[in-house]
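Participant: Build me a model:
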Amino acid sequence: MSAVTGARRIAGRALPVLRSPAVRWAFLLGAVALAVVAVVASWPDLVAAARRMPGSHLAGAGAVGVVYVWCTFLSWRALLADLGSPLPLRPALAVFGISQIGKYVPGGVWNVVAAAEIGADHKVPRSRSLAGMALAVLLGVVTGAVVAAVCLPIAGAGGLGRWSWIAWAAPVLVVLLVPTVLGRLVGAGLRFLRRPPMERPLSWTGLGSAVGWSLLSWALAGLHVWLLATGLGLEASARTLTLMVGGYAIAWIAGFVVVFVPAGAGVREAVLLALLAGLLPHAEVLLVVLLTRVLLTVVDLLFAGAGALVRPARAR
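Facilitator: Take a look at the predicted model:
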């Protein structure tokens with residue numbers, strides 16, 4: 001039996017369990033319950049920390065969160081255009097905005113389903129939508145890993161010095177951003193899932209544009225967390241900003257890798273808690289983590305609402 005066949009059999013047995021609604025809902029409810037317990041246990045300290053949060057930092061973090069998600073939208077749009085479906089701004093926003101809300105539904109596929117169905121209304125083949133979404137996610141993981149590999153060793157002179165080894169991974173990860181290499185990776189994944197292959201190869205121009213927007217999105221995501229943390233006492237320096245950029249990228253990837261977690265619920269927060277531990281008091285750390293999740297969820301809802309508004313009334 002070949003390694004590929006063995007992997008398929010293992011995946012065939014494990015994935016139905018992980019994808020089952022019961023497992024996903026159980027994990028989501030467990031994550032929410034743990035969050036509620038943590039909030040209740042630290043409620044007086046959380047209230048005191050919230051009162052110390054400057055409104056300018058909170059508003060700035062919210063605005064940066066909007067631009068962060070906008071950059072991920074532009075990265076996905078560049079990939080879809082490179083695959084052969086250049087969408088004008090309004091239809092692209094309708095497809096992307098509405099599909100994003102699907103990632104909060106246990107099941108892990110609803111954002112892809114929504115993108116494929118809404119894209120079909122704009123003459124984007126469903127197979128191309130699937131390839132575009134797969135590429136966008138893979139690109140996010142690879143660029144996030146590159147960002148973490150560069151940022152964490154730079155910022156890790158203190159407690160994160162043990163992560164300095166990750167710098168050696170940067171050259172290997174950069175190779176994955178070559179169009180032929182990334183295309184073959186996605187092609188292998190599509191074959192593994194028994195899906196149609198990509199209809200055309202990626203170009204340097206299209207992939208370069210998508211990579212640029214993706215790298216900018218990671219910088220903005222880190223800035224978003226940094227604004228919240230500095231509002232509660234974190235040292236406002238280039239080092240802490242670099243730490244937040246690399247740390248948020250690692251937290252997002254961790255939430256993505258745990259495939260049965262809706263939108264990385266619980267996992268991303270756990271990594272951010274570990275990242276900020278020792279840099280701020282516990283209540284301040286917990287408030288930063290909670291605010292990050294709440295603000296970015298609100299941003300996703302705003303994009304979903306904007307997507308619904310710009311979608312033609314006949315298609316809603």
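Participant: For the most centrally placed residue in the chain, pull up the helix or strand it's in.
Facilitator: Per C-alpha atoms, centre = their mean, the C-alpha nearest to the average position across the chain is that of Trp252, at 5.2 Å. Under the criterion of DSSP states H and E, Trp252 resides in helix 238-257.
Participant: Can you give me the buried ones in that helix?
Facilitator: Across helix 238-257, burial judged by 16 or more other C-beta atoms under 10 Å covers 240-256. C-beta here means a position set from N, CA and C on the backbone, and glycine is covered the same way.
Participant: now for it, which elements pack on it?
Facilitator: Counting contacts by 3 or more C-beta pairs under 8 Å, 6 or more residues apart in numbering; DSSP states H and E, helix 238-257 packs against helix 126-155, helix 204-231, helix 267-276.
Participant: from what I can see Leu80 touches Pro91, true?
Facilitator: No. Assessed by C-beta atoms under 8 Å, Leu80 is found out of contact with Pro91, at 10.6 Å.
Participant: joint contacts of those two?
Facilitator: When C-beta atoms under 8 Å, 6 or more residues apart in numbering defines a contact, no residue borders Leu80 and Pro91 alike.
Participant: These two: which is more packed in?
Facilitator: Leu80 (27 against 21; other C-beta atoms under 10 Å).
Participant: OK, contacts around the more buried one?
Facilitator: With C-beta under 8 Å, 6+ apart, Leu80 has these contacts: Pro86, Leu87, Ala92, Val124, Arg128, Ser129, Gly132.
Participant: quick one: the host helix or strand of it to chain centroid distance?
Facilitator: Assigned by DSSP H and E, Leu80 belongs to helix 55-82. Centroid separation for helix 55-82 versus its chain: 11 Å, with C-alpha atoms, centre = their mean, to the nearest Å.
Participant: So which bits of that helix are buried?
Facilitator: 57-58, 60-62, 64-66, 68-82.
Participant: Just want the angle from that helix to helix 204-231.
Facilitator: Interaxial angle, helix 55-82 versus helix 204-231 (axes from the mean of the first three to the mean of the last three C-alpha atoms, to 10 degrees): 170 degrees.
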